[in-house]
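**Q** Sequence plus the predicted model coming up.
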Amino acid sequence: MKLNVSSANIAEKNVTETNVSLLYDQLLATQLKHKQKSTFPIHKVLNFDDKDITDIYQWIEKHVGFPAEGNILDAGCGIGWGTSYIATKTDAPVSGISVSKDEIAQATLFYSEKVVPNLSFHCKSFDMVEQNQYAMIIAVESVKHSTNIRQTIRHLLSALQPGGALVVVEDTYANLPSDPSLVSFMADWQLSEVLNQAHMAVTHDDMATTSIEYTQYDFTDSMQTPSLLQSKIKRKLMSLLLFFQPKHMGWQAFRGGFILDMLYANKKMKYIAHVYRKDH
């Protein structure tokens, strides 16, 4: 499956990657300053019925499975907690990628003292991964930063080897009409679009002739979500901070996170795992 990308699209993608890199560089710097002892999870806190599972990567391990061989990619790895978890559960080579050089530097620092010979980190866009190279690709809350989500998912599918699996875990908009809160969230997180149910249905239709099995898992009811009132108060406080530092992308991302909590509280957003399996 080859994708034709125009020079205009490439220019747009490069600008977007730069914005995302700066966003996560500043977000990481803010977290390091105020939460030095944090492990900086890049995903939601979930309460699973299975008490042995406390994290989305553990759910993926149990319900999808990490391959014993073949390359595994964590696309949008943050500072590498999930990537390192995978590497301790398989002998397969595991790599984590991010467009944020500071995240990759921090991930390398965090895990450099651990003897995990099959683990590596690279500063790289997930839209540039090689085709037909991976037994598994995992993207937890990262495809939202694509300027063309459907194209990104198609590219990640083309990077799978026969028999491989792609797991996209993402905030998925439940309604087609947008509202001011969604627009504000997208602006704070530098997003061109958001995943939505109709979007995924179209993507699924695109894959109908390529022997891809698609399954959807909804974790919305398992999330630990602040109340609407808490989220509104935190959003206003963050807006006050941004009055003094209006260009601080890290603070903008925090405000966007509180707006996202509001969208969940209003039942306009769902937290869904989209699992694609490619036939042999």
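**A** Everything's here; your move.

**Q** moving C-terminal of the helix or strand of the chain with the lowest mean pLDDT, what's the next helix or strand?
**A** When the helices and strands of the chain are scored by mean pLDDT, DSSP states H and E, helix 7-34 comes last with a mean of 62. Heading C-terminal from helix 7-34, the first helix or strand you meet, by DSSP states H and E, is helix 56-63.

**Q** what packs against that following helix?
**A** helix 81-87, strand 134-140, strand 160-173, strand 269-278 (3 or more CB pairs under 8 Å, 6 or more residues apart in numbering; DSSP states H and E). (Glycine included, C-beta is placed from N, CA and C.)

**Q** how about 7 Å then?
**A** The elements that helix 56-63 packs onto, with contact taken as 3 or more CB pairs under 7 Å, 6 or more residues apart in numbering; DSSP states H and E, are helix 81-87.

**Q** Return the list of strands paired to the next helix or strand after the helix it packs on, each annotated with direction.
**A** Using DSSP H and E, the helix or strand that follows helix 81-87 towards the C-terminus is strand 94-98. Strand pairing for strand 94-98, using DSSP bridges, gives strand 71-75 (parallel), strand 119-123 (parallel).

**Q** among the ones you listed, which gets the worst mean confidence?
**A** Mean pLDDT values for these show the minimum at strand 119-123, a mean of 94.

**Q** what does that one rub up against?
**A** 77, 80, 83-84, 87, 94-99, 101, 104, 107-108, 111 (CB atoms under 7 Å, 6 or more residues apart in numbering).

**Q** Which one of the residues you listed is nearest to residue 196?
**A** residue 99 (23.6 Å; CB to CB).

**Q** Might you report the residue contacts of the closest one?
**A** 17, 20-21, 123, 125.

**Q** Then residue 144?
**A** With CB under 7 Å, 6+ apart, residue 144 has these contacts: 170-171, 191, 194-195.

**Q** now do residue 47
**A** Residue 47 makes contact with 222, 224, according to CB under 7 Å, 6+ apart.

**Q** ok, now residue 256?
**A** So residue 256 contacts 185, 188-189 (CB under 7 Å, 6+ apart).

**Q** want to throw those into a markdown table with neighbour count, pLDDT and distance to residue 177?
**A** A markdown table is the format used below for the contacts of residue 256 (neighbours: other CB atoms under 10 Å; pLDDT from 0 to 100; distance: CB to CB, whole Å):
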| residue | neighbour count | pLDDT | distance to residue 177 |
| --- | --- | --- | --- |
| 185 | 26 | 94 | 15 |
| 188 | 23 | 92 | 20 |
| 189 | 23 | 90 | 20 |
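
**Q** So which of those is the closest to residue 160?
**A** Of all the contacts of residue 256, residue 189 has the smallest distance to residue 160: 27.1 Å, by CB to CB.

**Q** Neighbours of the nearest residue to residue 23 once chain neighbours are set aside, how many?
**A** With CB to CB, 6 or more residues apart in numbering as the criterion, residue 23 has its nearest non-adjacent residue at 4.7 Å, and that residue is residue 249. By other CB atoms under 10 Å, 20 other residues sit near residue 249.

**Q** Quick check: residue 249 vs residue 32, distance?
**A** With distances taken as CB to CB, to the nearest Å, residue 249 is found 15 Å from residue 32.

**Q** just residue 116 next, same as before
**A** Counting by CB to CB - residue 116 and residue 32 are separated by 22 Å.

**Q** Touching, residue 217 and residue 273? I think so.
**A** Yes - with contacts counted by CB atoms under 7 Å, residue 217 reaches residue 273, the gap being 4.3 Å.

**Q** if you count what's nearby, which of the two comes out ahead?
**A** Neighbours were counted for residue 217 and for residue 273 using other CB under 10 Å; residue 273 has more, 21 against 14.

**Q** If anything else comes up later, I'll come back, but that's it for now.
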